[in-house]
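In: please work out how this folds:
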Amino acid sequence: MDPKDAALLNLLQNDASLTLERLADAVSLSVPAVQRRIKRLRNSGVIKGNVIVVDPVAVDMNMTFIIIVELERDRSEHIESFRRKAIKEPLVQQCYYVTGEGDFVIISIAKNMEDFEAMTHRLLFEDSNVRGFKTSISMGKSYKTLYVPIEAS
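Out: Have a look, this model is predicted:
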């Protein structure tokens with residue numbers, strides 16, 4: 001990755017609404033050159049999409065849960081089945097297949113304990129391949145970002 005692409009990615013990660021003109025000024029390129037670079041970064045899969053980040057508390061999703069899930073069987077088809085199920089669950093924000101304690105770590109949000117309990121039944125209790133799970137409730141958010149630091153290679 002060249003320095004101009006790295007600079008564009010860092011700028012866009014901080015503010016995806018920057019105009020092509022502002023981006024071009026910031027990286028000392030023409031607008032068409034910036035447009036071509038962004039298109040290439042999208043087509044190659046470096047840029048996955050543009051999103052709006054919503055504050056969960058502002059929409060009454062006041063609780064965050066960290067769930068460690070242990071599967072009964074860890075054959076690839078069982079792992080993939082659980083992964084697909086977790087991705088489809090609206091209250092699951094992040095799902096990681098991990099080594100160490102448990103097989104998956106899930107970050108989930110909910111309005112209240114009743115919503116969380118309903119989600120655990122849908123995702124965990126009703127799945128015969130889930131051996132068990134442990135849940136921690138977030139007491140507060142210290143830091144959260146989706147930013148990936150990009151350096152030229």
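
In: what count of nearby residues applies to Glu114?
Out: Other residues near Glu114 number 9, with proximity taken as other Cβ atoms under 10 Å. Using the backbone N, CA and C atoms, a C-beta is placed for each residue, glycine as well.

In: to clarify, my last question referred to Val31.
Out: Val31 - counted by other Cβ under 10 Å - has 14 other residues nearby.

In: dump the residue contacts of it.
Out: 20-21, 24 (Cβ atoms under 8 Å, 6 or more residues apart in numbering).

In: three-state assignment of the residue sitting nearest the centre point of the chain?
Out: Most central in the chain under Cα atoms, centre = their mean is Gln94, positioned 5.2 Å from the mean C-alpha point. Look at Gln94: counting by DSSP: H, G, I helix; E, B strand; the rest coil, its state is strand.

In: quick one: residues contacting Leu71.
Out: Neighbours of Leu71 in contact, by Cβ under 8 Å, 6+ apart: 78-79, 82, 103-104, 129-131.

In: try 6 Å this time
Out: 103, 129 (Cβ atoms under 6 Å, 6 or more residues apart in numbering).

In: who does it form a beta bridge with?
Out: Val130 (DSSP bridges).

In: now the strands for this structure?
Out: Along the chain, counting by DSSP state E, strands occupy 63-71, 92-97, 104-110, 130-137.
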